[in-house]
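Student: have a look at this prediction, sequence included:
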Amino acid sequence: MAFTVAIDGPAASGKGTISKRVAAHFGLGHLDTGLLYRAVGRRMLDGEEPVSAARALVPGDLEVEGLRTAAVGEAASRVGALPEVRAALLDFQRAFARRSGGAVLDGRDIGTVICPEAEAKLFVTASAEVRAERRFRELVAAGADTRFEAVLEDIRARDERDMGRSDAPLRPADDAVTIDTSRLDVEAAVAAAIAAVDAARDVRSAGGSSRG
Ligand SMILES: Nc1ncnc2c1ncn2[C@@H]1O[C@H](COP(=O)(O)OP(=O)(O)O)[C@@H](O)[C@H]1O
Ligand SMILES: Nc1ccn([C@@H]2O[C@H](COP(=O)(O)OP(=O)(O)O)[C@@H](O)[C@H]2O)c(=O)n1
């Protein structure tokens with residue numbers, strides 16, 4: 001099996017930034033699985049039924065503009081609570097994880113549901129206030145007219161929905177390494193992630209697993 005890195009965590013914890021850098025460092029492919037849910041959420045906002053939208057999703061849907069808005073993030077979290085939507089997106093994610101060069105996938109349930117056999121699992125988190133501050137800056141830089149308090153409220157509502165749903169709730173896998181980025185800058189967070197993946201690779205090459 002190819003080397004798979006599973007990276008989960010709540011909104012704006014820094015998991016996307018870390019995933020891209022880890023993928024580049026180790027020469028692995030990267031899939032931001034939040035984009036799948038955002039693409040379905042976007043289609044729901046356009047009036048489509050979310051389960052059919054998830055079944056009809058094609059890779060090009062992940063490239064469309066406007067998937068990063070707060071409204072689409074909220075819609076993604078609502079469609080993500082539907083088991084049929086999650087089931088429709090499963091095969092695409094597992095196929096990506098098995099690609100020959102190895103892969104990093106980031107999301108909410110990668111280490112627990114999509115790739116429970118991943119060789120390295122990280123759970124990236126930060127306080128809700130720090131995450132809201134990061135997301136607020138990002139939205140303002142993208143031209144959105146919003147308030148910090150509204151962003152914090154959105155982050156908290158999304159955390160609650162993502163952790164509280166019955167199907168694939170957000171939680172660290174039992175064997176995940178947690179990285180709290182509240183007091184880490186991007187470079188320090190990326191270094192901690194690379195060190196954790198290196199440690200997992202060392203365990204594997206020392207004979208800890210017969211997979212590969
Ligand atoms: N450790 C960090 N310190 C400061 N800012 C960060 C850190 N990690 C990420 N960011 C910034 O926070 C925002 C959200 O990060 P992102 O990686 O997109 O989070 P996620 O994928 O978890 O939603 C981005 O603007 C990113 O540049
Ligand atoms: N593997 C995943 C990825 C995202 N999602 C859902 O999709 C929403 C948007 O995910 P995202 O990763 O793009 O969001 P951010 O963390 O970037 O804000 C989340 O709030 C989840 O409800 C999920 O349920 N499972």
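Tutor: Yes, it's here. Numbering: from 1, shown residues only. Ligands and ions are numbered 1, 2, ... in the order given.

Student: which ones are touching the residue nearest to residue 90 when sequence neighbours are not counted?
Tutor: Leaving aside its chain neighbours, residue 90 sits nearest to residue 114 (7.0 Å; criterion: CB to CB, 6 or more residues apart in numbering). Glycine gets a C-beta too; all of them are placed from N, C-alpha and C. Residues near residue 114 by CB atoms under 8 Å, 6 or more residues apart in numbering: 6, 33, 90, 93, 94, 97, 105, 107.

Student: let's see 10 Å
Tutor: 4, 6, 8, 31, 33, 86, 89-90, 92-94, 96-97, 105, 107-108, 168 (CB atoms under 10 Å, 6 or more residues apart in numbering).

Student: give the buried subset of these as a ChimeraX selection command.
Tutor: To isolate the buried ones among these in ChimeraX, judged by 16 or more other CB atoms under 10 Å, type:
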select :4,6,8,31,33,86,89,92,93,96,97,105,107,108,168
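
Student: quick one: which of the contacts of residue 114 sit in helices?
Tutor: Per DSSP state H, helices hold the following members of the contacts of residue 114: 86, 89, 90, 92, 93, 94, 96, 97.

Student: who does residue 179 form a beta bridge with?
Tutor: residue 124 (DSSP bridges).

Student: surely it and residue 22 touch.
Tutor: No: look at residue 179 against residue 22 with CB atoms under 10 Å: they stay out of range, at 11.1 Å.
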